[in-house]
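Asker: predicted coordinates and the sequence they were generated for:
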Amino acid sequence: MSTLIGLPKNGYRVVPGPEAYLSPSAAIMGVVLPEEGQGLIEGEIVPQEVAMEEIANRLLSARNPMLFPGPLVLWAWSDKAVAKAKALQDMVAEVPGMRIIPMPDYRPKYPMINPEVEINPNHPNLTIWHNNIDVCMFVGVHCHFANLALKIVRAGTDCYTIALCGERGHEDAMITLRDVHAEEVRKITETIKRVKMGRVSCQKEE
Amino acid sequence: MPERRVVSPEYMLFDAPREKKYLIGNEAVAEAAKRANVDMAIVYPITPQSEATHIIGDMYAQGYIRDYYRGEDEFNVMSAVAGAAMGGVRVFTATSGPGTLRAFEMFPVWAGHRLPIVCAFMTRGVNSPLSIQPDNIEIGWLADTGMLIFHAEDPQDFFDMTLQAYIIAEQPEVHLPVGVCVDGFFVTHTREIVELTPEDEMLPPYDPSVSPVVAMDMETVPVRHMKDPFVMKSNYISYNTHASWQQEVRAAAERARKHIYKYMGGPIEVTHPDAEIMFMTSGTAAAQARVAMERMRAEGIDVGLVKIKVIRPFPEKEIAELAEVPGIIIVPEHNITGWLAREIRSRVNNNSKIYSGPRVFGGMTMPPEVIVKETKKLLQAGVAV
């Protein structure tokens, strides 16, 4: 059942909002997580490389792209975490104008959060609104909190969400990849470089 | 205790050799806990569960389980296993009827904390005057706690489903508690042939690093929610977070479906899917309905059976599709409320063809003759098939 390729039969798509007073979970609407080697674009299962290409396009087309790193990559709790964090820094450096706002922990910060410098899973929309973020990428956020934040962002903002997951992925993001570790981040960076070069070539031809 | 080796979940469920033993359900579930590589069991005795948890205590003494104690009561037990699971270990517990109700506050707490606790519910009557006899009314109440709920038919199911429960509960995108339910006495105290995997093979240890929430202390949510003004705030953000949190728990249950197909062969078992008359039921009522089906088919009456193994997430698409064919759907149950018939009715078009019953409770048995008689009565009354 859950390995069907394609969109849910009800036609539900995971697209930028503001979607609803209370958005449904994409999983409840029939969106299923990708299998190994696959990703999701707006609820549709695609090969991993296709999702990477779309991530590159979205980031490079954004007015204000933002990385939201969570505790799993902010803290040097393992060699793999350190390697992934370094790979992410390299990726950010390849995207013009991309900035980083961390999600250092999950404690509710209401009403004292400073949306200029951090994001919180319980009210991520405040950070999106305050900084006019049009494309964001979640990475290193524990899955429950990532889904919580992604759904709230979709409910109340028009931000395009990308989630890189070290486990099985996130249906509530507009693009998601599963099993993302340092090597996969480096592949995304290479894709970004390639897409960027392609755009430069097109401009020269014009 | 023999030297034990870790085997993969797939090997244990599908490829491991099986040895036949003559066991009651309480022995079967304890054997499953032994093979599940449980770190800690915390229990409080209650009929008809007591024997299983007594055996698990013996297993602790033998070294199969790393820690074990008897709590002060069921609320204590269900709180304590939550603490153990938050600490990152694999836990097992079990209870029955009034124990389920005493501990009830903790079940949605388990789900909200995304704790992959496996709890066996050996169901029994909860009414006054006191009854210790079979009655599964509590499953209907458990169904909306956010837990996954399985309903075993016999000791073999009880063994297999307990192992399957750990494997499915601990999937990173699921990571929810599972209630493995059986009808007390009919399963817990009935001796049947059970095919067991080797005693010296166990599941891989639980890996808490895949948890969708952080290891918990008083500074991290959702524990933090309890003492933070956030939880008390009367504003949209606060309400929206709590609503989204509950939605994510239900989404996690939805994600269990593919693992239910992989490890359990699906949430239902169907015999004669094109039959004109269909029994749809669960637990030991499925065993009785199967006998009734065979007797009626011997008389030339076209009857089939859908055994519902998984109550949460409810197999709504499967049931809706199967319900298109028969002219009558009969739902025998061991409780007074007819919770399973309600579940089915709410998922089926043209649900006027669903008959809730026969229902027995308070310890009464459900002889197949009763199911046959009730079905024939419907047919004689001119119900269109």
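Answerer: Cool, the structure landed. Numbers count the residues shown, from 1 in each chain, chains lettered A, B, ... in the order given.

Asker: could you use CA atoms for every contact and neighbour count after this?
Answerer: Fine.

Asker: what is the one helix or strand residue B:288 maps to packed up against?
Answerer: Using DSSP states H and E, residue B:288 sits within helix B:284-298. For helix B:284-298, the helices and strands in contact under the criterion 3 or more Cα pairs under 8 Å, 6 or more residues apart in numbering or on different chains; DSSP states H and E are strand B:277-281, strand B:303-308, strand B:328-333, helix B:368-380.

Asker: buried residues in the helix or strand that the third one is followed by?
Answerer: Scanning the chain past strand B:328-333 towards its C-terminal end, the next helix or strand to appear is helix B:339-345 (assignment: DSSP H and E). By neighbour count on 16 or more other Cα atoms under 10 Å in any protein chain shown, the buried set for helix B:339-345 is B:339, B:340, B:341, B:343, B:344, B:345.

Asker: ok, how many other residues are close to residue 76?
Answerer: All of this refers to chain A. Around residue A:76 there are 14 other residues, counting by other Cα atoms under 10 Å in any protein chain shown.

Asker: other chain: chain B
Answerer: Neighbourhood size, residue B:76 [other Cα under 10 Å]: 18.

Asker: what's the closest non-adjacent residue to it?
Answerer: residue B:103 (7.7 Å; Cα to Cα, 6 or more residues apart in numbering or on different chains).

Asker: in chain A, where's the longest helix?
Answerer: Assignment by DSSP state H gives helix A:182-205 as the longest helix of chain A.

Asker: using PDB, write out every CA atom in stretch A:145-157.
Answerer: Presented in PDB, the C-alpha positions along stretch A:145-157 are these (Å, rounded to 0.1, in the frame of the first residue of the first chain):
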ATOM      1  CA  PHE A 145       9.800  18.200  16.000                       C
ATOM      2  CA  ALA A 146      10.600  18.600  12.300                       C
ATOM      3  CA  ASN A 147       7.200  17.300  11.400                       C
ATOM      4  CA  LEU A 148       5.600  19.600  14.000                       C
ATOM      5  CA  ALA A 149       7.400  22.600  12.600                       C
ATOM      6  CA  LEU A 150       6.900  21.700   9.000                       C
ATOM      7  CA  LYS A 151       3.200  21.400   9.400                       C
ATOM      8  CA  ILE A 152       2.900  24.700  11.300                       C
ATOM      9  CA  VAL A 153       5.000  26.500   8.600                       C
ATOM     10  CA  ARG A 154       2.700  25.100   5.900                       C
ATOM     11  CA  ALA A 155      -0.400  26.100   7.800                       C
ATOM     12  CA  GLY A 156       0.500  29.700   8.300                       C
ATOM     13  CA  THR A 157       3.200  30.800   5.800                       C
END
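
Asker: which element follows the worst-scoring helix or strand of chain B on mean pLDDT toward the C-terminus?
Answerer: Of all the helices and strands that make up chain B, the one with the lowest confidence by mean pLDDT, DSSP states H and E is helix B:223-227; it has a mean of 59. Elements were assigned by DSSP H and E; along the chain past helix B:223-227, the next helix or strand is helix B:236-264.

Asker: now that next one: how far from the chain's centre is it?
Answerer: Between the centre of helix B:236-264 and the centre of its chain there are 18 Å (Cα atoms, centre = their mean, to the nearest Å).

Asker: next secondary structure after that helix?
Answerer: From helix B:236-264 onward toward the C-terminus, using DSSP H and E, the following helix or strand is strand B:268-271.

Asker: residues in contact with that next one?
Answerer: The contact list for strand B:268-271 (Cα atoms under 8 Å, 6 or more residues apart in numbering or on different chains) reads B:304, B:305, B:306, B:307, B:308, B:309, B:310, B:315, B:318.
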